[in-house]
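Novice: Generate a structure from the sequence data that follows.
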Amino acid sequence: MSPANKKTQQRQESLAALRALSPAVRLEKSAAIVARLLAHPVLRSSPKALVLAYAALPSEPDLSALPLQAPVVPFCLPRVADHFGLTVHRVPRFTGLIPSNKNIGEPDPSLHPEVMPEEITLVLVPGITFSTRTGHRLGRGGGYYDRFLARPELARARRIGICFDEQAIPEIPFEAHDCRVSEILTDLRWIRIA
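Specialist: Next comes the predicted model:
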């Protein structure tokens, strides 16, 4: 089986596991993830940090409480600028977002100033599944995060994969262009990749 077919199969298995979680369980797990993130040194003690988060889809960990619980930390969210890239915009809260053509909430560029990637200190990376052994990430197949995280301006930014514990597994299929994270944070574990 080709790497692309293996990734498609893993994506389907992981999405099925996510669909099996009830909305109440996802809400509880999201709260646990937010609590763990609030203990992170970057969020706890650095108002000079700039944290790139994401607007969650219904199946993803919801981080929308972060700006309310860490009000001194500046946050930004991504926006699909074109077929190939993301732009990043500073937001005070994860509300009042515009739905993209994939129904993902995005900041309104007329209301939220654009941020240069080199300003970002910490990237909270969503994914369908993450490898606890290698830090590889399997996304939804568009490649937006892989292209964005490959930018040299983001080389110094810390990358944390955010997922429910069911999404953190030892091995996943990957290709050379797939991005990696140095840490994975779930509702139950904080995994540092060797």
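
Novice: What is the three-state secondary structure of residue 33?
Specialist: Going by DSSP: H, G, I helix; E, B strand; the rest coil, the secondary structure assigned to residue 33 is helix.

Novice: what's the neighbour count on it?
Specialist: A total of 23 residues lie near residue 33 under the criterion other CB atoms under 10 Å. In this view, the C-beta of every residue, glycine as well, is placed from N, C-alpha and C.

Novice: Over to residue 32?
Specialist: Other residues lying near residue 32 total 16 when counted by other CB under 10 Å.

Novice: For the residue nearest to it when sequence neighbours are not counted, give me its contacts.
Specialist: The shortest distance from residue 32 to any residue that is not its chain neighbour, by CB to CB, 6 or more residues apart in numbering, is 3.9 Å, and that residue is residue 187. Residues touching residue 187, when contacts are defined by CB atoms under 8 Å, 6 or more residues apart in numbering, comprise 28, 29, 30, 32, 33, 36, 61, 164, 165.

Novice: which parts of stretch 80-92 are buried?
Specialist: Of all the residues in stretch 80-92, those buried under the rule 16 or more other CB atoms under 10 Å are 80, 86, 87, 88, 89, 91.

Novice: Now do the helices in this protein.
Specialist: When secondary structure is read from DSSP state H, the chain shows helices at 3-19, 23-38, 41-45, 66-69, 144-149.

Novice: any chance of these in JSON lines, with distance to residue 54 too?
Specialist: Below are these laid out as JSON lines (distance: least, CB to CB, whole Å):
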{"stretch": "helix 3-19", "distance to residue 54": "15"}
{"stretch": "helix 23-38", "distance to residue 54": "12"}
{"stretch": "helix 41-45", "distance to residue 54": "15"}
{"stretch": "helix 66-69", "distance to residue 54": "11"}
{"stretch": "helix 144-149", "distance to residue 54": "9"}
